[in-house]
Structures are given as C-alpha cells and as structure tokens.
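J.: my questions are about this predicted structure, shown below with the sequence.
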Amino acid sequence: MAKFGFHKSTPLFVLLTDFGHRDSYAGTMKGVIYSICENARIVDLTHTVEPQDVIGAAFVLRSSYEYFPPDSIFVCVVDPGVGGKRDIICMKAGGRTFLAPDNGLLSMLEAERKADAIRAVENKELWLDGVSTTFHGRDIFAPVAARLAEGAGIEKVGPRKRTIKALKLPKPVKTTAGTLKGEIVYIDQFGNLITNVGEATLQTNLPQAFEDISVSVAGSKTKGISGSYGDVKEGELVALIGSSGYLEIAANRGSAYKKLGCERGTDVIIKG
Amino acid sequence: MAKFGFHKSTPLFVLLTDFGHRDSYAGTMKGVIYSICENARIVDLTHTVEPQDVIGAAFVLRSSYEYFPPDSIFVCVVDPGVGGKRDIICMKAGGRTFLAPDNGLLSMLEAERKADAIRAVENKELWLDGVSTTFHGRDIFAPVAARLAEGAGIEKVGPRKRTIKALKLPKPVKTTAGTLKGEIVYIDQFGNLITNVGEATLQTNLPQAFEDISVSVAGSKTKGISGSYGDVKEGELVALIGSSGYLEIAANRGSAYKKLGCERGTDVIIKG
Amino acid sequence: MAKFGFHKSTPLFVLLTDFGHRDSYAGTMKGVIYSICENARIVDLTHTVEPQDVIGAAFVLRSSYEYFPPDSIFVCVVDPGVGGKRDIICMKAGGRTFLAPDNGLLSMLEAERKADAIRAVENKELWLDGVSTTFHGRDIFAPVAARLAEGAGIEKVGPRKRTIKALKLPKPVKTTAGTLKGEIVYIDQFGNLITNVGEATLQTNLPQAFEDISVSVAGSKTKGISGSYGDVKEGELVALIGSSGYLEIAANRGSAYKKLGCERGTDVIIKG
C-alpha cells in the first residue's frame, strides 16, 4: 500500500470545496482518495461555500483548522481559475498539510500561523493520468493528498515557493478616539454577522467594560457587548464575541441577517 | 489513547444538528471527535433540521435511532438556548448513549424507551478548554461524546438527573365513535405528511379493514389506507403506514405537501 | 462478524439516493450498514439527485464509478416505484457491485461496461425483518449491500436476470454534412450544461480542429471548442470537453444555465 515510504495508519483528510452536494464531484474525490489510501478517514468541512467565494472559504478554514488533529491533510478546492495559469500550492503549517489553489484561500490562515514549507504542486507523477482542465479536485488535489498521506514527502510535490497570494482583506480602523470601524466578513447559516474585529483588537482599542460599548450596523445599535445570545429578548439584536474569536452580531433565536438586510462588507461601528 | 479506561475499538458517533452544511460547524465537531478518539466512525444523521426546530429533531431521532448499533453515541445539538441556563443531558437508553440539550429533544424517544441513566453534563474536565457561549457543539458535546467513547463512564459527566423536559406533543383523540383526530407532526423532503397516529392506535380505535377507513386532511380525502404509494394513480393522494410506523399521507410520485399546502399541526381526520 | 464466509476487511459503500439531507433517511441506511458490517467505510456520492430523477442518477453514477476502488459496493436508491412491482437488481461489473431498482438507473453504466452478473434481489433472508413498503433503502438495499460485503455471494441475493431496463436516452445525430445535433443531458450545480456528445463521437463526425467548430445552444453560439474555462473572458460562454468526457457548455466564472435559461433536453448544434 505504501508506495512512497512510511505513512500514518489512518490519515485524516478534510475536504473544503464549493462543489455542492447535488453532483458527484465531492464524492468522486473521495473515491480517488480511497483508491490510493485504503485507510483514509475523510471529513467534509463544507462543500457549499458560495460558488467561487474564495474569501468565504478562507474564513471557514481559518475558523476551524485548529480543531483537527495536527497531522490532518486539508484539501481545499474553491478554484475559479481551474485549468488556467494559477498555481496549486501545498503548505505545511503547525504540522498540518494544506492543498489549495494559490488564490488567497490559505492566506487568512497563513497570516496567523507562519508556514513551515510551501511548495508548488507540479510533479505529475503524483497526479492521475489524463488530467482534465476542469476538475483538478479529482485529478490533482485528491491523488496528491492521498500520496502525501501514503508517505510521499512534501518535497516530492514540486519546487519551493517563497510566498503565496494574499487576499485584500479589510482591517478594522480607529476612526476617532473611542470609535472602531470594522466590517462584516462572513454571514453564517443562522444569519449571524461575523466581523473582522478580533477580541484582542477590540480590547486594545476600547478598554471599556463590554457593557459600555455599542455596536452599530445597518442603522441598528446594540446596547453593550453581551455574553451570550440569551442576554437579550427573543428576536433582539445582540453583539458578542463569537466562537471564532471575532465580534459578531446576532439576533436571539432569529437571524440578524434577515432582520438587518446587510451584506458582507457592510460597515460595523463600535463605540466606547 | 484510552485516558479513561476501557473503550470500544471503533466507536460510532451519530450527529444530529441544525448547523447546516454551508458553515464549518458540523465539520469542526468531527475534528474535535477525531482529535480525541482516533478510531471514531461518524455518521451524519442530519444537519439540516430547520433552525431551532426541536420537535423536528426529536421526531427524526425517534424514527431512526433503533437502526444504529446498540453502542452508538448520538450527539444532538438543536439548541436555541445555547449559552443560557438550560442543562445539557447525557442519557443511556437501550445501550445507546444520547447527548442533547434538555429542551425536549430526547423526550419523544424517552417516551417509548425508558432511560437507564440520565446525567447533567457539568464536569468541565471532559470539555474543551475555554468554552465559548455560542458553540457548545464543538466545546462541550463533541469532547464529552469522544471521551465517553474513550472509556469515561457516564457517572463522570455530571450529577444524576431524575427527569428531562418533555415536549408538549399532541396525541390523537377519539372525537366521536369511529372518528379519530390526529395531526401532522413532520413533513419530509418528499412532501410526505407524517402524523401522530401510530399503527397500534389506529387499529385499536378503528378495527375496520384499512380499505374501509378514510383519511381527510386540508379538504381532501383518501379512499382507504393503502399498502404502498403505487396503489393510487400518479399524483393522487394516498394514506399508508409509513416507514416510521405512523400514518402518513403522500402523493404517488409527487408531493402531498405541495398538493395540499398544509403545515405541521394541520388536523387529520380518520373515519371508519 | 462474517456470517456468510470470507469478507474484505474494510468494505467501501457508495450511496446514491434522492433522499436529501434534511430527513434521516440516508443516515438511517448507514446505521443499518454499520449494524451488520462494523468495518464499513461509507461515501455519499450524492443524496440530492432531484427527487425521482432516474436519468440524473444514471448520469452521476456513470460519471464517477470508475474513480472508486474496484471492490466498491454502490447502493443506488432513486426509486419512484418503491413498494410496487419493479425489481431490485444486483449487478456486478468491472469488479464493482451495484444495487439499484430496475428502472434504468444502471443502464447508462451498463451500456459502456458489460455486466458480469445480474441478479434479482429476492432472497428475504438478507433483508431486515418487517420490510416497509416505502423505505426499501433501509429495509432491503442497505442490509443486502452489507451482507454482500460480509461475504454473501451474489448468487445468494436472488435468481439470475438476463436483461435490465434501459433508459430511452437520446443519441447525437448527424443532421447534415458537418452538423451534429446533440442535447443537454445534465446540468450541474455550477450551471454547466453537459451534453450527450462524447469526445470520440465529436472527433469521428467533425474531424476539424476544435477551434473551427461552433457550438450553438438556446440562441447563443461559441467560437470553437476551448481547452479550459479561462480561454474566454469572464462571463462568456465556452464549450469544452468536460471532466466526464462529454462536450459541455459553461460560462467562465459564471453559470451557463442562468445565462441561457435552457433545460435538460435542449438541443445543442455543433457545426464544423
């Protein structure tokens, strides 16, 4: 089984794509992985990132990767440039291995966790024969991931790369004394609005108690930053530090997204 | 690996949440489980219960749990009260282990299968460090489940509880001689309308042959209770005992839900 | 564990249904499989084929089965005739095992890969006790698949069958010299329009260079057949040989389906 040297007995693959659930694309990638790596365990992180939404994928990955075992292999295919000139990269960081197109998908993660190694995926010996131009998830990403798990060293996948493409991500700015302007970077399925304002940034810039800070978005304002959804009445807006460690605006037992009708990129004003 | 004593070689976890598939919430729970319990097998029962629909989750669980191996661990997170004062409970019944918020989710199951043990989940030693107020699926449910699988006894999770919260569930009533009034409790993706009238209740109250019983819902009426969808013409309504053992109204090769436009709670009149 | 003789240590089951993700139907099938075959590995090929869309299921299966290990067991339940008189069939082809209703679901696959054995699934010893009329996925397909994996030979499932039902599938036709008329047979989630015109058919009938061939659909026409999506400007239509080996019309970084508003069955005219 182990064609390329030592390997872990039951490697864990984590798939992140925009392939959806209706077609067989994600399932086919698993077929390829199991064909090469019989003892694979495979987790679907998500396959329903909005089509071609690299920023959403980068956010989802950044929020979750640390909860997976340190030797997990992440296979990330949100790849509007498939078949074109973009590189595919293989990055090692914190023990974990990440495969993704070089379109910024790994940059949110790399910004907080320095890469130990970055390679361009170019060695066709690790790919399937007869690579299509439209389904690299099946023909390149899946077999490379499986062969890495079976013991191929990262140096096998291709030449070293020094840098990866970065997303142009908004950062929160201090507009006046005591006011921070951030924005919504992700809206989850519950309609929670997740901002780019991390807990540390918030505390550095606004040293007040959370109850003395207001959060305004799309014409509505919360009183204070709360500890949990249930701190406000049903249906009311609540600001809190969400599970990803960022400021988030929610509606208790409802959808802040539906209530406010805002979008990714909408300003969020935080006042002390 | 086994920190807490003996453990099963490949424990089976069954996940039931309303987290949806777009975000990484369900996937992250699996990361936590695999981080603690390397040999886990994980099944998604569903992650698309309507957001915060505890009754729907209770129904789905009751309809399916018996088809899983007796030592399965069910992790049920439909939890509108997350971060508030509700308990999390761990229940043993029929060999299986169930984790859920104490909001009625387990009550449909408990009504037909007496619990062998009920505990409140309070021992933080089994949780992740730094529990968030918004994502207990990741921070409490997943690690507790994994540690139970790794050999922690149920007495480790927290103190005994005597009772769990019950859902206020409608029961079928006999309105006049020979007439039973039930209601729709679940509508599946095919648009089948599943009622609260079990096969035994039906036979006790209406001893006629199935062909002599009519079922009325939303102004439409079936002739008899049939054996299978194909007993009526394409598109026509058919009443039958569904796969969950309850009376169900369907449309052959169509959707009774779309045809009738009814809702959960709509009355169903059964006449002998 | 092995009740029926020899068995593979970790059999791979591939599920293809129209059960959707909201109800517990697909999950329950997995419970049954694990109850019989503890070491199962299970892949969801898809559960969101359009309800009762046998042609879509046949296409999805044909496009993907070769990417799974040769001893995989495919469990295909798109079954509008459940509970009626249709047979369930078990087919061996190319080492793999396929279970499906005899409604054409396996015919696209069988057309290109001759069956080694076909049996009617009739031996109730391999089924669950108390088979429902509405959920054969749980009561027949899952247990039969698991028992095949546990070592039951295909001759156990039921008597030999000579033929299976075929779908009436359109074939591309040569309308005039240098013109081929095909049609759309599948529209994927990205809105790519996949036709019934295979690469070999195309090259036999239109020996020109790909750049000299135009593809017309729903009033729009592409210039040439391209190598990849990125060969045209963003939003523009592009024709190419897709990952399934068939001619496909796409929109670069967009949806050809939304752009053109066409359907399965829409004509595609290919001119040299």
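T.: Here it is on my side, so go on. Numbers count the residues shown, from 1 in each chain, chains lettered A, B, ... in the order given.
J.: can you pull the pLDDT of A:V82?
T.: The model reports A:V82 with a pLDDT of 86.
J.: is it true that it lies in a strand?
T.: No - assessed with DSSP: H, G, I helix; E, B strand; the rest coil, A:V82 is coil; it does not lie in a strand.
J.: surely it meets C:G227?
T.: No - under the criterion of CB atoms under 8 Å, A:V82 makes no contact with C:G227, lying 11.8 Å away. Any C-beta I mention is one placed from the backbone N, CA and C, and that applies to glycine too.
J.: and these two? Which one has more around it.
T.: Using other CB atoms under 10 Å in any protein chain shown as the criterion, A:V82 and C:G227 rank with A:V82 on top: 22 against 16.
J.: on that earlier part again, between A:V82 and C:G227, which contacts overlap?
T.: Here A:V82 and C:G227 share the contacting residues A:T133, scored by CB atoms under 8 Å, 6 or more residues apart in numbering or on different chains.
J.: chain C contacts on chain A?
T.: A:19-25, A:27-28, A:30-32, A:34-35, A:38-40, A:42, A:51-52, A:80-85, A:132-135, A:138-139 (CB under 8 Å from any CB of the partner chain).
J.: so which of the residues you listed are also by chain B?
T.: Within the residues of chain A next to chain C, those near chain B by CB under 8 Å from any CB are A:H21.
J.: so of the residues of chain A next to chain C, which ones are in strands?
T.: A:I42 (DSSP state E).
J.: and the residues of chain A next to chain C, which are buried?
T.: The neighbour-count criterion (16 or more other CB atoms under 10 Å in any protein chain shown) marks A:19-25, A:27-28, A:30-32, A:34-35, A:38-40, A:42, A:51-52, A:80-83, A:132-135, A:138-139 among these as buried.
J.: and the pLDDT for the most far-flung residue of chain A relative to its centre?
T.: Ranked by distance from the centre of chain A (CA atoms, centre = their mean), the top residue is A:A177, with 32.5 Å. pLDDT for A:A177: 79.
J.: which phi and psi does it have?
T.: Main-chain torsions, A:A177, degrees, to the nearest 10: phi -50, psi 130.
J.: need the contact list for it.
T.: A:A177 makes contact with no residue under the criterion CB under 8 Å, 6+ apart.
J.: how much space is there between it and A:T222?
T.: 21 Å (CB to CB, to the nearest Å).
J.: pass me the low-pLDDT residue ranges in the stretch 101-250 of chain A, would you?
T.: The model of the stretch 101-250 of chain A has no residue with pLDDT under 70.
J.: and the strands in it?
T.: A:117-120, A:173-176, A:179-187, A:193-198, A:214-217, A:220-222, A:237-241, A:246-251 (DSSP state E, counting those that start in this stretch).
J.: what residues sit buried inside the longest one?
T.: For strand A:179-187, burial by neighbour count (16+ other CB under 10 Å) applies to A:180-187.
J.: how about those residues in TSV, adding distance to C:L193?
T.: Output for these, formatted as TSV (distance: CB to CB, whole Å):
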residue	distance to C:L193
A:L180	47
A:K181	44
A:G182	41
A:E183	37
A:I184	34
A:V185	34
A:Y186	31
A:I187	30
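J.: ok, which pair from those is furthest apart?
T.: A:L180 and A:I187 (20.0 Å; CB to CB).
J.: tell me how many other residues crowd the nearest residue to A:K114 once chain neighbours are set aside.
T.: Nearest non-adjacent residue to A:K114, counting by CB to CB, 6 or more residues apart in numbering or on different chains: A:A93, 7.0 Å away. When counting by other CB under 10 Å, one arrives at 19 neighbours for A:A93.
J.: what sits against A:E50?
T.: A:E50 makes contacts with A:18, A:56, as judged by CB under 8 Å, 6+ apart.
J.: mind checking pLDDT for it?
T.: pLDDT, read off for A:E50, is 89.
J.: touching, A:L206 and A:G182? I think so.
T.: No - counting by CB under 8 Å, A:L206 does not reach A:G182; the two are 11.4 Å apart.
J.: between those two, what contacts are shared?
T.: Going by CB under 8 Å, 6+ apart, residues that sit against A:L206 and also against A:G182 are A:I270.
J.: what helix or strand is the residue minimising distance to the centre of chain A located in?
T.: Central residue check for chain A by CA atoms, centre = their mean: the C-alpha nearest the mean position is that of A:L61, 2.2 Å away. A:L61 is part of helix A:54-64, with elements assigned from DSSP states H and E.
J.: who touches the residue nearest to A:F13 when sequence neighbours are not counted in this structure?
T.: Distances taken as CB to CB, 6+ apart place A:I42 nearest to A:F13, at 4.8 Å, with adjacent residues excluded. A:I42 makes contacts with A:12-15, A:30, A:33-34, C:43, as judged by CB under 8 Å, 6+ apart.
J.: list the contacts of A:R264.
T.: Each residue near A:R264 by CB under 8 Å, 6+ apart is listed here: A:55, A:183-187.
J.: I'd like those as a markdown table, with distance to B:L193 appended.
T.: Output for the contacts of A:R264, formatted as a markdown table (distance: CB to CB, whole Å):
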| residue | distance to B:L193 |
| --- | --- |
| A:I55 | 41 |
| A:E183 | 44 |
| A:I184 | 39 |
| A:V185 | 41 |
| A:Y186 | 37 |
| A:I187 | 33 |
